[in-house]
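Enquirer: Below: sequence and its predicted model.
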Amino acid sequence: MSKLHTPLTAWHTAHGAKMAPFAGWLMPIQYEGILAEHLHTRAQAGLFDICHMGEFRIEGPGAHTALARAISHNLQTLAAGKCRYGFLLNEQGGVLDDCIVYRFDADAFMLVVNAACAVGDFAVLRSRLPQEVRLSDISQATGKVDLQGPKSLDVLENVLGQNFHDLGYFGFREASWQGEELLVSRTGYTGELGYELYINAEKTEAFWEALLSDARVKPVGLGARDTLRLEAGLPLYGNDLDAQHTPSEAGMGRMLTSTVDYVGRAGATRMDEMLIPLRIEGRRAARHGDVVALADGTVAGRVTSGSFAPSLGCVIALAWVSAAHAQEIAFTVRTARAELQAQRCTLPFYTQGTARKKL
């Protein structure tokens with residue numbers, strides 16, 4: 001099956017990136033190496049191609065009321081110029097996708113969804129929204145790159161010639177670059193200071209190169225994006241979140257503050273399993289699907305994500321564990337080649353300033 005290309009696929013190939021399919025797209029996995037790219041992002045600024053993500057516009061009279069019933073996000077307290085993380089749920093409260101909603105004004109929104117879920121998400125939203133509310137898929141026309149790391153603000157202001165010091169976390173602002181409209185969002189998926197940047201797809205490569213013209217910036221592939229997000233304790237849909245589990249089971253019940261009777265609300269607090277963080281002894285990483293057992297051998301769950309954590313110098317993982325055993329401390333992870341000793345710890349694994357600090 002052919003893979004979709006982002007506006008930057010040719011650039012990645014020309015610059016020696018290792019490419020591989022991801023969620024139906026041909027994406028860069030690494031350039032100079034996952035470890036180097038990970039540590040550079042933590043120390044300076046990494047640039048990520050995220051053009052594969054889906055973007056939908058929801059607007060028109062009644063959009064606020066209708067959208068509030070379709071997704072879990074609390075739109076009642078969401079001001080214009082702010083965005084919020086939340087969920088598209090099924091009727092049972094399981095997570096169909098995790099997504100960010102942006103509010104432009106009273107009845108104008110943008111929803112950013114995961115690439116692998118975009119087609120299904122659009123169909124679900126269309127079925128939940130009345131016909132008079134306009135739902136537009138603007139993904140193909142939208143380029144998206146993420147600038148992440150402690151130097152990201154300085155780089156952004158240098159390239160755009162504008163002040164973004166006053167842009168707060170989960171705030172966004174419409175700006176411009178060389179006469180082209182640009183949306184600057186103070187969000188990201190690495191645990192660092194960072195920005196998600198939306199621009200006309202046709203201008204993405206030129207904008208990408210402008211950001212890379214700053215010596216503090218290096219391109220970063222999906223390999224390091226995965227290790228960065230895992231260190232920050234951020235879930236990946238399809239690994240750590242799925243339609244069989246609720247936001248509360250994933251430790252995100254605190255985000256369910258909407259008082260609207262949205263789809264899945266009644267089941268969203270179900271707690272049959274819990275997503276827990278683990279620190280694993282040694283340098284051998286656990287993989288998705290590895291069995292998690294108690295000290296006496298009782299099977300308690302399975303690993304969802306696992307990796308060596310470059311910023312911390314140890315191995316970490318997330319795992320679904322039955323609620324009855326989720327408060328245990330000691331576990332064994334059964335990999336294909338060995339049994340690894342693991343201990344429950346706390347999230348996030350990494351926060352700014354904790355590099356190389358043991359958990």
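Expert: On my side now, so go ahead.

Enquirer: Poorly predicted segments of this structure, please.
Expert: 1-2, 353-359 (pLDDT under 70).

Enquirer: Walk me through the domains of it.
Expert: Annotated domains of the chain cover 9-53+140-231, 54-114 [automatic domain parsing].

Enquirer: Nearest to G267 among those domains would be which one?
Expert: domain 54-114 (2.7 Å; CB to CB). C-beta: built from backbone N, CA, C; applies to glycine.

Enquirer: For W177, see how far away D242 is.
Expert: 37 Å (CB to CB, to the nearest Å).

Enquirer: again with A141
Expert: 16 Å.

Enquirer: Tell me which of those two has more neighbours.
Expert: Legend: neighbour count by other CB atoms under 10 Å for A141 and W177, higher for W177 (20 against 11).

Enquirer: list the contacts for that one?
Expert: 159-160, 199, 203, 207, 210 (CB atoms under 8 Å, 6 or more residues apart in numbering).

Enquirer: Likewise for G223?
Expert: Contacts for G223 (CB under 8 Å, 6+ apart) come out as 29-30, 34, 37.

Enquirer: Kindly provide the distance from L129 to A70.
Expert: 6 Å.

Enquirer: of those two, who's got more company?
Expert: A70 (23 against 19).

Enquirer: Dihedrals phi and psi, the residue nearest to the more buried one when sequence neighbours are not counted?
Expert: Of all residues not flanking A70 in the chain, R128 sits nearest, at 4.0 Å (CB to CB, 6 or more residues apart in numbering). R128 has phi and psi values of phi -100, psi -20 when expressed as degrees, to the nearest 10.

Enquirer: likewise D97?
Expert: Dihedral angles (degrees, to the nearest 10) for D97: phi -170, psi 150.

Enquirer: Quick check: bridge partners of it?
Expert: Beta-bridge partners of D97, counted by DSSP bridges, are L88.

Enquirer: The residue nearest to A70 touches A66, doesn't it?
Expert: Yes. Counting by CB atoms under 8 Å, A66 is a contact partner of R128 at 7.5 Å.

Enquirer: hang on, the earlier thing: switch the domains of the chain over to a markdown table; also include distance to L312.
Expert: Conversion of the domains of the chain to a markdown table gives the following (distance: least, CB to CB, whole Å):
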| stretch | distance to L312 |
| --- | --- |
| domain 9-53+140-231 | 7 |
| domain 54-114 | 24 |
